[in-house]
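# sequence plus predicted model, see below.
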Amino acid sequence: MADHADIPTSMCPICGYVMDAATVADGGPPVVPKDGDMSVCLKCGTILIFVDGIHLRLATPDEVVACPDAAEVSEQVRRYVRSLPRKPGERGQSSGRA
Ligand SMILES: [Zn+2]
């Protein structure tokens, strides 16, 4: 059984990372996200919300506060991405807000 669900191609509105699969954060069986479900971009760690079954938008501060696990997952993704070796010529990550 696959560990992810195939989803329509979606793009992170912050970094442009293209996503075509979804994995349940707690390791549960794969499910296709529905409108209002939360996601975290695997490239930049931005917390996102599925809308219209295909698009992703930024989560509002209220949505992030309502789901503290999302902030933790976002921070884990950001730490992981920062730990990856950079490719020659690749621009560094912004050191802006966490
Ligand atoms: Zn992103």
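Here it is on my side, so go on. All values derive from a computational prediction rather than experimental measurement.

# output the longest helix belonging to the chain as PDB, nothing but the C-alphas.
Counting by DSSP state H, the longest helix found in the chain is helix 68-83. Written as PDB, here are the backbone C-alpha positions of helix 68-83 (Å, rounded to 0.1, in the frame of the first residue of the first chain):
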ATOM      1  CA  PRO A  68       0.000  23.700  17.100                       C
ATOM      2  CA  ASP A  69       1.200  20.500  15.500                       C
ATOM      3  CA  ALA A  70       1.400  22.300  12.200                       C
ATOM      4  CA  ALA A  71       3.900  24.900  13.600                       C
ATOM      5  CA  GLU A  72       6.000  22.000  14.900                       C
ATOM      6  CA  VAL A  73       6.000  20.200  11.600                       C
ATOM      7  CA  SER A  74       6.800  23.400   9.800                       C
ATOM      8  CA  GLU A  75       9.800  24.000  12.100                       C
ATOM      9  CA  GLN A  76      11.000  20.400  11.500                       C
ATOM     10  CA  VAL A  77      10.800  20.900   7.700                       C
ATOM     11  CA  ARG A  78      12.700  24.200   8.000                       C
ATOM     12  CA  ARG A  79      15.400  22.600  10.100                       C
ATOM     13  CA  TYR A  80      15.700  19.600   7.700                       C
ATOM     14  CA  VAL A  81      15.900  21.900   4.600                       C
ATOM     15  CA  ARG A  82      18.600  24.000   6.300                       C
ATOM     16  CA  SER A  83      20.600  20.900   7.100                       C
END
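
# which strand or helix spans residue 43?
Assigned by DSSP states H and E, residue 43 falls within no helix or strand.

# residues near residue 73, how many?
Using other Cβ atoms under 10 Å, residue 73 has 18 other residues around it. C-betas here are computed from N, CA, C, even on glycine.

# from residue 13, how far out is the spatially closest residue to it that is not a sequence neighbour?
Once flanking residues are discounted, residue 73 sits nearest to residue 40: 5.0 Å by Cβ to Cβ, 6 or more residues apart in numbering. Separation of residue 40 from residue 13 (Cβ to Cβ, to the nearest Å): 13 Å.

# fine, thanks again, bye for now.
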